[in-house]
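Participant: Next come a sequence and a model predicted from it.
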Amino acid sequence: MALYDDLGGAAAVTTAVDLFYERVLADPTLAPYFMGADMARLKGHQVAFMTVALGGPHAYAGRSISAAHARLDITAEAFGAVVGHLTDTLSSLGVDQDTLQVIAAKLAPLESEIVTVTETVGH
């Protein structure tokens, strides 16, 4: 059975995305990335993406990960913070440690497609 079903399907993914964005938007490091963003649209894309990533029905028709993030000047620090907020969100919803590790393993390869800014030592 897919992680998607194990986690509770569409309702669980939608709840997770809503709680995830509450955390992200409350983070002063990450909030500026979302200024002016259409959050309803963004949440819809995130639900579709997470559904596919977790093995649910394929409904994601958005741009590629790299295209969607290309102009956002995302740092490795910001990527790590987002992954941390996602992990914390899923943990707060009762997702066990083994499942969190599986999800983290699916997210790790995306860093090279999302991070577009390399910071130098001392910044």
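Facilitator: Sure, I can see it.
Participant: contacting residues around Thr99?
Facilitator: Leu3, Asp6, Leu7, Leu90 (Cβ atoms under 8 Å, 6 or more residues apart in numbering). Where C-beta positions appear, they are placed from N, C-alpha and C, glycine not excepted.
Participant: Neighbour count and pLDDT added to those, as a markdown table?
Facilitator: Formatted as a markdown table, these follow (neighbours: other Cβ atoms under 10 Å; pLDDT from 0 to 100):
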| residue | neighbour count | pLDDT |
| --- | --- | --- |
| Leu3 | 16 | 80 |
| Asp6 | 15 | 84 |
| Leu7 | 22 | 84 |
| Leu90 | 20 | 90 |
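Participant: Among those, which ones are in strands?
Facilitator: In strands, judged by DSSP state E, none of the contacts of Thr99 are found.
Participant: Dump these to JSON lines, plus distance to Ala67.
Facilitator: What follows is the contacts of Thr99, written out as JSON lines (distance: Cβ to Cβ, whole Å):
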{"residue": "Leu3", "distance to Ala67": "25"}
{"residue": "Asp6", "distance to Ala67": "30"}
{"residue": "Leu7", "distance to Ala67": "27"}
{"residue": "Leu90", "distance to Ala67": "26"}
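Participant: farthest-separated two in those?
Facilitator: Asp6 and Leu90 (11.6 Å; Cβ to Cβ).
Participant: Spit out the contact partners of Asp5.
Facilitator: Applying Cβ under 8 Å, 6+ apart to Asp5 gives the contacts Gly55, Gly56.
Participant: Out of the contacts of Thr99, which is nearest to Gln97?
Facilitator: Taking the contacts of Thr99 together and measuring to Gln97 by Cβ to Cβ, the closest member is Leu90, at 10.4 Å.
Participant: Stretch 22-38: end-to-end distance?
Facilitator: 14 Å (Cα to Cα, to the nearest Å).
Participant: Other residues contacting that stretch?
Facilitator: Leu42, Leu72, Ile74, Glu77, Ala78, Ala81, Val82, His85, Asp88, Thr89.
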